[in-house]
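Asker: Fold the following and give me the result.
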Amino acid sequence: MKQDSLRNVAIIAHVDHGKTTLVDRLLYQSGRYRAAELDKLAGGQHGLVFDSGDLERERGITIFSKNCAIEYQTLAGETLRINLVDTPGHADFGGEVERVLTLADGALLLVDAFEGPMPQTRFVLQKALAQGLRPIVVVNKIDRPDARPDEVVTEVFDLLVDLGAEDDVLDFPVVFASAKQGFAAESPGERPSDMRALLEKIAKCVPPPRGEPDEPTQVLVTTIDYSDFVGRVAIGRVMAGKLADRQRVAVIDRHGVATQQQVGQLFTFEGLGRKQVESVPCGDLCAIVGLEPIGIGDTVAAAEAPRAAPRIQVDEPTLHMTFRVNDGPLAGRDGSHVTSRKIGDRLERELRSDVALRVTPGDTMEQYRVAGRGLMHLGILIENLRREGFELCVGKPQVVVREEGGKRLEPVELLVVDVPEEHQNAVMALVGDRRAQLLKMNKKTAGGSFVHLEFSIPARSLIGLRSRLLSATGGNAVVHHTVLGFEPPRGAVTLRANGVLIASEPGQATAYAMDALDDRGVFFVRPGDQVYEGQVVGEHCKAGDLVVNIVRGKKLTNIRAAGKDDNSQVRPPRDMSLEMCLEYIDDDELVEVTPKHVRMRKLMLREPDRRRESRRLAAASV
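Answerer: Numbers count the residues shown, from 1 in each chain. As a prediction, the model looks like this:
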């Protein structure tokens, strides 16, 4: 395939704006796959092929970037091969976005026809503009009854102006589409039967790959895949020259050290799979087998003239937490990987594929300080660990603080809330208590049923805010956020007003004890659940912690009660997911994660130890 017949396109969008559905539809209309084949590859009826992981299917989001290739014959009769790169839409996975945008020469900016540009849209678009990519705006879900395409296009224009885009970028092409219905058009009123309008825009508006075909070989590695048969597979883009099968190359790592190696096998992308080839031209994407060691950001260069490509620039993490060995009374019952060495080895493997993650030693030999882009970023890592059989405890998330010019700076985020008008005051009160500043407020629709609010808020204030906003608005608030920058601290913030209920004894929780404690708060456990001393079993209705005996049983005697026995009535507990637990815990608490359970506990399990520690801290503060 000639360089002029290639198009490398990244698809960028906010969460749930339909980019994965769009990729599936383009694969189907390329003529390479039937709908039944795509459903089978997606793992079920009407699944999405690119949502290949279990967590991606469960949550309906893209976590890991993926790419595929389709062939398209233009109306002018030219045959093009289009490499499509699907990027995550959540800012917590921004490391994936930053490393794969180097593969592309153009971008499809997908925007919901009702919601318009959202915080993650801003984040990913900013990264694309920094790479010099000119976007094609795709207004998706045009078939929605509440679609407002013209207003959305204006909002995209305003966003590009706000990001300082050049004049030629502001004159962006627009396509109106419905990925679910499988059509794309140049005007919002048209309803064609295919996506040809979008493919024609890609052919005309996305330039052929940049590169230096006459220079020595240079390939930038952006992704590491793994195969049980061939080991590590390096995926990247040929930046200069061409790469041949069995070629002698020099692999240049992040320290500038070059190792002489030989390409074992060479593949290009075809549809959803790979095709073995003899060589890959400049500008094309490829998968290389047989290079070890190799990592993300390394350069595969000509052995006779090795040159390192510019390394991938990735933003620093904004949140960190402590991973430690599970030392609770129930440790080792569920998991098969429970030692600090195994946890450390697994985190080391994760560093090879996640460029936004940072792992450093903790205060003790059994602890690791793990930093990432956000709570979802670290929560997905913890969820993967527990599904792989690991047991561990994690501490409260803390923001990463910078020191610049002798000043202490904390991360500040843009918080966007779309809420029904009747719940506006509740939202303003909640975020106002957390040092937020209102930046923008307007009506979302012509009827004024929704209010669009934008705030500048410290990142630490976001911990636990989403669940409280949803509770205050009856689940009607749509909440998104993304990093704005770093500012001096705005002052103290109270994240949790109420205390917790702490189990005083080990055993099984009983309905009799829980019924007697019903007026003390809300429980996180059910009757029959195994608990231990120091476990957090509920939320106290007042400030301050309360130690309770949740395993107490009814005394059995041979004396019949004078009145009818009251049946124990236990309210349904509050189900706490992993991310809800991470948001909920305080400084002196941990989340215990095992393959079968997620529990919250005190750092010090025994009540005398906690009292002694509180007296010590009080004396130290005097």
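
Asker: Looks to me like Ala10 is in a helix.
Answerer: No. Under DSSP: H, G, I helix; E, B strand; the rest coil, Ala10 sits outside any helix and is assigned strand.

Asker: what's the helix or strand for Thr154?
Answerer: Assigned by DSSP states H and E, Thr154 falls within helix 149-162.

Asker: Identify the residue spatially nearest to Ala128, adjacent ones excluded.
Answerer: Closest residue in space to Ala128, ignoring its immediate chain neighbours: Ala107 at 4.8 Å, by Cβ to Cβ, 6 or more residues apart in numbering. Backbone N, C-alpha and C define where each C-beta goes, glycine included.

Asker: Over to that neighbour. Which of the three states is it?
Answerer: Put simply, Ala107 is strand when judged by three-state DSSP.

Asker: and the gap between it and Pro149?
Answerer: Look at Ala107 and Pro149: by Cβ to Cβ, to the nearest Å, they are 19 Å apart.

Asker: Counting neighbours, go ahead and name the busier of those two.
Answerer: Per other Cβ atoms under 10 Å, whichever of Ala107 and Pro149 has more neighbours is Ala107, with 27 against 20.

Asker: State which strand of this protein is the longest.
Answerer: strand 407-420 (DSSP state E).

Asker: Start from the N-terminal end of the stretch 151-300 of the chain and give the helices.
Answerer: Using DSSP state H, counting those that start in this stretch, the helices of the stretch 151-300 of the chain run over 167-170, 196-205.

Asker: Pick out the shakiest of those, pLDDT-wise.
Answerer: Per-stretch mean pLDDT for these is lowest at helix 167-170 (a mean of 87).

Asker: residue ranges with poor pLDDT in the stretch 451-600 of the chain?
Answerer: For the stretch 451-600 of the chain, the stretches with pLDDT under 70 are 560-568.

Asker: would you list every one of the helices in it?
Answerer: Using DSSP H, counting those that start in this stretch, helices in the stretch 451-600 of the chain cover 465-472, 511-516, 578-584.

Asker: And the second one, how far out from the chain middle?
Answerer: When you say that, I think you mean helix 511-516. 40 Å (Cα atoms, centre = their mean, to the nearest Å).

Asker: for that helix, packing partners?
Answerer: Applying 3 or more Cβ pairs under 8 Å, 6 or more residues apart in numbering; DSSP states H and E, we find helix 511-516 packed against no helix or strand.

Asker: Contacts for it next, please.
Answerer: Helix 511-516 has contacts (Cβ atoms under 8 Å, 6 or more residues apart in numbering) with Phe523, Pro527, Val548, Asn549, Ile550, Val551, Arg552, Gly553, Lys554, Ser568, Gln569, Val570.

Asker: lowest-pLDDT helix or strand in the chain?
Answerer: Here the helix or strand of the chain ranked lowest by mean pLDDT, DSSP states H and E is helix 35-41, holding a mean of 51.

Asker: gap between Asp143 and Ala197?
Answerer: Remark: distance between Asp143 and Ala197 (Cβ to Cβ) = 15 Å.

Asker: for this structure, which spans come out with low pLDDT?
Answerer: For the chain, the ranges with pLDDT under 70 are 1, 15, 30-65, 89-96, 444-448, 560-568, 622.

Asker: Enumerate every residue touching Arg196.
Answerer: Leu75, Ala184.

Asker: ok, now how distant is it from Leu75?
Answerer: As judged by Cβ to Cβ, Arg196 and Leu75 stand 8 Å apart.

Asker: residue boundaries of the strands in the stretch 351-500 of the chain?
Answerer: 358-361, 367-372, 392-394, 398-399, 402-404, 407-420, 437-443, 450-458, 478-487, 500-503 (DSSP state E, counting those that start in this stretch).

Asker: tell me how far the third one is from the chain's mean position?
Answerer: To tie it back to what came earlier, the one meant is strand 392-394. Counting by Cα atoms, centre = their mean, strand 392-394 is centred 20 Å from the centre of its parent chain.

Asker: show me the contacts for the closest residue to Gly211 other than its chain neighbours.
Answerer: For Gly211, ignoring the flanking residues on the chain, the nearest one in space by Cβ to Cβ, 6+ apart is Cys282 at 3.9 Å. Taking Cβ under 8 Å, 6+ apart, we find Cys282 in contact with Gln3, Pro209, Gly211, Glu212, Pro213, Val238, Met239, Ala240, Gly241, Lys242.

Asker: just those residues now: which is nearest Pro188?
Answerer: Each of the contacts of Cys282 was checked against Pro188 using Cβ to Cβ; the closest is Pro209, at 32.0 Å.

Asker: Roughly how far does that closest one sit from Arg7?
Answerer: 8 Å.
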